[in-house]
Each structure stands twice: as structure tokens, then as C-alpha cells.
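Asker: Sequence and predicted structure are below.
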Amino acid sequence: DLRQEGEGKSIETRFGTRNWNLSDPSSPIGRDERLLTLESDKGDSMRYLTAGESHGPRLTAIIEGVPAGLPLTADYINVELKRRQGGYGRGARMKIESDQVEITSGVRHGLTMGGPITLNVTNLDHQKWLEIMSVSDVEDKKKGLRKITKPRPGHADLVGGIKYRFDDLRNSLERSSARETTMRVAVGAVAKRLLEVIGVQVASHIVNFGGIEVEVPENLTVSQIKEAVAQSEVSIVNREREEEIKAYIDSVKKEGETIGGIVETIVGGVPVGLGSFVQWDKKLDAKIAQGVVSINAFKGVEFGLGFEAGRRKGSQVMDEILWSEQDGYTRRTNHLGGFEGGMTNGEPIIVRGVMKPIPTLYKPLMSVDIETHEPYKATVERSDPTALPAAGVVMEAVVATVLATEVLDKFSSDNLEELKEAVKCHRAYTKAF
């Protein structure tokens, strides 16, 4: 380990004798040596699990692998949780409770300690479900309260019942509910905090709202997108379409219908070389794609031009490579959405996810009762005409989490200062390559 030799010393390496001054990108230490001291190959260095049911007592997430020394507070996470509960068209539950996180491990005096971080969010609505969602056994009569035997088309109700042999499909509904995304946003907030300190910004906005295309001004920065979306109830950057979309949501709600749309997430300041081409499961765009389609109701994903690339010739798709002393390597365009060969190329990551309409309809579709096999209208649970603005917050969090994990995989990161130095040296190396 070259780091053990100390700064400013002449040391013997397999590249020969070198002077090592890590803080100086122009130091005589070779670029390959610098990377050896600062990059890691730890595998999945950050990972997380979520737990909890939609109407259970609380939701929980445990995150492992966050560097020590990262400033982190509950207030920071709560800002993201509030964003998830906002947006035009949200329904009754958002009025019932305002999610607040409690950090119960891994943080001391406002700084992470390097150990597992536990996040909890209490479900205030649980008080109305004490017997229905009781962990302890209850009498048979109470077990039948709010029992679901009429599965909803498009939900996990029926298939989950078949897979896990439930006679009450509420067991499928409770865990498969989008309520779980509360904790993914909380985890994503931690990831975004980490990315911020190394100069990476993440933003999301809606580019198609239930079939209404939203024109986006060219050359907007990530900061400008974040600012515009924060001022919009429907998470769009083109305010001229705001009232039209809100009126459309109102009409959809009156019909008892729901709508989906397309969310775009943009990431700026991404280091070059995250991900790898050496194995199929190391490609970062593939990892992001998996993360996006793992979000409830998301059914597709694309990068850059996406499916439009299939309609163009090669010269209209590939991004020409440029170099300047000021910026190093850049691309003339960004049709590939910041990826080449499964790796980040330094351009902004542009990824879009398509969300289907919410399957719970106040004008329910036909289904079949699993006890009688007779046709019935599907069960109606609480629902919204759209959750697209909230879905954008979730997608932003998921993309940030995948990226943060990849950053921690690539760079030495037991401590935040170590990570910042590693990224700084890598950026200097990339620019001078």
C-alpha cells in the first residue's frame, strides 16, 4: 500500500523510484501509481435493505458502507421525503401523515461513523390498523378484517398470493405497495449527500405527462432544472404547460382514471470511468436500468437518444470526441446519455423511465374472486390520479443510490476526506490523459 509510505517521500514501486506528493496532481508520481493508491476494487461497498409494510408500524432501511465523516442530519433526509409526498394530484394519505425520518445508528454528532446507518419512518396511519396488521396472532374473526380476495389488475395481489400461498391478498399488497419507496428516497438522500461533496448533482423532471409532451429548453444545467422543478407542482421545467397539465389531472380524476408518463433524470459532474465493460453485470448503465425498473409501476428505461437511436444512422448517433486544455476530453453531443461501453464518459448522464398509470382505479376493472372464482370488480384501495411528480423523486433517489455505490466501489473511501482526495486526483488524471 503506497499510502503507508507517507507524503513527499522517495519510494520504490514496481514502476521505479518516485517522489510521492499525493495532493499535487503534477507530482512526479506516475498516473498509474496515483490510481493504485486511491482506487479500490471492493465490490459492493455500499448496500442497503428496506423493510416494512404499507400499513405497518414503521418503515426501515439499513445502509452499510457509507464513509465515515459524511455530514448527515434527519432534516436533510426529511427534505427529500417531503418532496416525495408533494405534487399535484396526490391523494388522502399525503394529508394523513408527513414522513419524518429517525436515524438510530451510524451517525454521531451529525457525522457518519462508517458503520451501518439505520433509518426509520413511523406510519402514523398504523393506529387505525392495529388489529388488522398485528404482529401477534389474533382471533379468526379479526383476521378477516379488510381481507382481500378480489385482486386488482396490474398489481402484485394475485401473483403474490399464488407464489406465497396467501388466502388473504393483503399480504401481497402491503409489501408490494409503493409506500416502500419512502425508504428508497431516504436511502437516496444519503447517496445524494455523498455525491454532493464530490461535485455530482442529480435532478429529475417530467418530459411526458400522460401523453402530453413537455418541451424542454436546450442547454439547461442540472441546477437550473432543480430550481425550475422546485417551483412546479407537476415537476416540469416548462411553466407554460403547468395549468394545462393540472387541468388534465383534474379531468382524469373525475373520470375515475389514472395516468402515467415519462421521467427524465440528469446527473452532472460524473467522474469518467464509473462502471466497466469487462463483464455484463459491471456495466453501470445496466445497473441504473435495473434500479429504475425496480421502482413500482416503472416499465421501461432509455439513455440519451434511447429508442430514437434505432431510427437514425450511425453518424447521427455517435458523439464526436473533443479535447481542450481547459476541459480535457468532452463530446460534441451527448446522444448516448453519458455512457460508452457501459462506463461513464464524463458527459451528463441522461436516463428516462416510463411509469405506467397507477393500477388502482376508482372505476375498477373486472377481476375474479379467489375464493369463489366468480367475476367481480376489483378491490378499490386508496389511490391518486397520478403519482408522476413523486415518481420523479423516487427515480432521482434510485439513480443517486446506484451512482454512489459505484463511486464507493471505484475509489478508496473508508473516510470522506479519503474519498474526496481520490476523486480529485482521478479528475486530474482524466483531464491530463
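Answerer: Looks like it arrived, so ask away.
Asker: which stretches of the stretch 251-400 of the chain aren't confidently modelled?
Answerer: The model of the stretch 251-400 of the chain has pLDDT under 70 over residues 381-382.
Asker: do that again at 80, thanks
Answerer: 360-363, 379-383 (pLDDT under 80).
Asker: What pLDDT is listed against R31?
Answerer: On the pLDDT scale, R31 is placed at 49.
Asker: Report all helices and strands that the lengthiest helix in the chain contacts.
Answerer: Assignment by DSSP state H gives helix 388-410 as the longest helix of the chain. The contact analysis (3 or more Cβ pairs under 8 Å, 6 or more residues apart in numbering; DSSP states H and E) places helix 388-410 against helix 74-84, helix 181-197, strand 201-209, strand 261-268, helix 284-293, strand 349-355, helix 416-432. From N, CA and C alone the C-beta is placed, and that goes for glycine too.
Asker: residues touching the closest residue to G341 other than its chain neighbours, list them.
Answerer: Closest residue in space to G341, ignoring its immediate chain neighbours: F277 at 4.3 Å, by Cβ to Cβ, 6 or more residues apart in numbering. F277 makes contacts with 283, 341-343, as judged by Cβ atoms under 8 Å, 6 or more residues apart in numbering.
Asker: swap the cut-off to 10 Å and go again
Answerer: Residues in contact with F277 (Cβ atoms under 10 Å, 6 or more residues apart in numbering) are 283, 340-343.
Asker: repeat for T344
Answerer: Counting by Cβ under 10 Å, 6+ apart, T344 has contacts 267, 270-275, 284-285, 338, 403, 406.
Asker: just to revisit the earlier point, confirm that the residue nearest to G341 sits in a strand.
Answerer: No. Assigned with DSSP: H, G, I helix; E, B strand; the rest coil, F277 falls outside any strand and is coil.
Asker: give me the number of residues near E308?
Answerer: 12 (other Cβ atoms under 10 Å).
Asker: That one and V317, how far apart?
Answerer: Separation of E308 from V317 (Cβ to Cβ, to the nearest Å) stands at 9 Å.
Asker: Which neighbours do these two have in common?
Answerer: Shared contacts of E308 and V317 (Cβ under 10 Å, 6+ apart): H335.
Asker: Contacts for stretch 332-339 next, please.
Answerer: In this structure, residues lying in contact with stretch 332-339 by Cβ under 10 Å, 6+ apart are 266-268, 270, 272, 274-275, 283-286, 288, 302-306, 308-309, 312, 316-322, 331, 344-352.
Asker: now with 7 Å?
Answerer: Outside stretch 332-339, the residues within contact range by Cβ atoms under 7 Å, 6 or more residues apart in numbering are 270, 285, 303-305, 309, 317, 319-320, 322, 344-345, 347-351.
Asker: ditto for stretch 283-298
Answerer: Under Cβ under 7 Å, 6+ apart, the answer for stretch 283-298 is 178, 181, 260, 274-275, 277, 301, 303, 339, 342-344, 351, 353-356, 358, 391, 394-395, 398-399, 402, 406.
Asker: first vs last residue of stretch 83-102, how far apart are they?
Answerer: 17 Å (Cα to Cα, to the nearest Å).
Asker: That should have said stretch 216-230, apologies.
Answerer: Stretch 216-230 has an end-to-end distance of 15 Å (Cα to Cα).
Asker: Over to stretch 377-397?
Answerer: Using Cα to Cα, one end of stretch 377-397 lies 35 Å from the other.
Asker: Was I right to think G89 contacts A247?
Answerer: No. Counting by Cβ atoms under 7 Å, G89 stays clear of A247, with 11.4 Å between them.
Asker: who has more neighbours, the two?
Answerer: Between G89 and A247, G89 has the larger neighbour count (other Cβ under 10 Å), namely 23 against 10.
Asker: right, and E131 touches V138 too?
Answerer: Yes. Look at E131 against V138 with Cβ under 7 Å: they come within range, at 5.9 Å.
Asker: Reformat the contacts of F277 as JSON lines; add secondary structure and neighbour count.
Answerer: Compiled in JSON lines, those are given as follows (DSSP: H, G, I helix; E, B strand; the rest coil; neighbours: other Cβ atoms under 10 Å):
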{"residue": "K283", "secondary structure": "coil", "neighbour count": "18"}
{"residue": "E340", "secondary structure": "strand", "neighbour count": "19"}
{"residue": "G341", "secondary structure": "coil", "neighbour count": "13"}
{"residue": "G342", "secondary structure": "coil", "neighbour count": "19"}
{"residue": "M343", "secondary structure": "strand", "neighbour count": "19"}
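Asker: Could I get the contacting residues of the residue most central in space within the chain?
Answerer: Central residue of the chain (Cα atoms, centre = their mean): V398, 1.1 Å from the mean position. When contacts are counted by Cβ under 7 Å, 6+ apart, V398 touches 184, 188, 291-292, 295.
Asker: how near is K147 to R352?
Answerer: For K147, the distance to R352 (Cβ to Cβ) stands at 39 Å.
Asker: my bad, F339
Answerer: F339 is 13 Å from R352, by Cβ to Cβ.
Asker: about what we covered before: any chance of the helices and strands packed on helix 388-410 in TSV with mean neighbour count and distance to T50 as columns?
Answerer: Formatted as TSV, the helices and strands packed on helix 388-410 follow (neighbours: other Cβ atoms under 10 Å; distance: least, Cβ to Cβ, whole Å):
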stretch	mean neighbour count	distance to T50
helix 74-84	18	14
helix 181-197	25	4
strand 201-209	23	20
strand 261-268	23	20
helix 284-293	20	13
strand 349-355	23	19
helix 416-432	18	24
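Asker: Nearest to L365, out of these?
Answerer: strand 349-355 (18.5 Å; Cβ to Cβ).
Asker: hey, where'd the helices end up in the stretch 51-200 of the chain?
Answerer: 74-84, 93-96, 140-143, 157-164, 170-176, 181-197 (DSSP state H, counting those that start in this stretch).
Asker: model confidence over the fifth one, on average?
Answerer: Averaging pLDDT along helix 170-176 yields 96.
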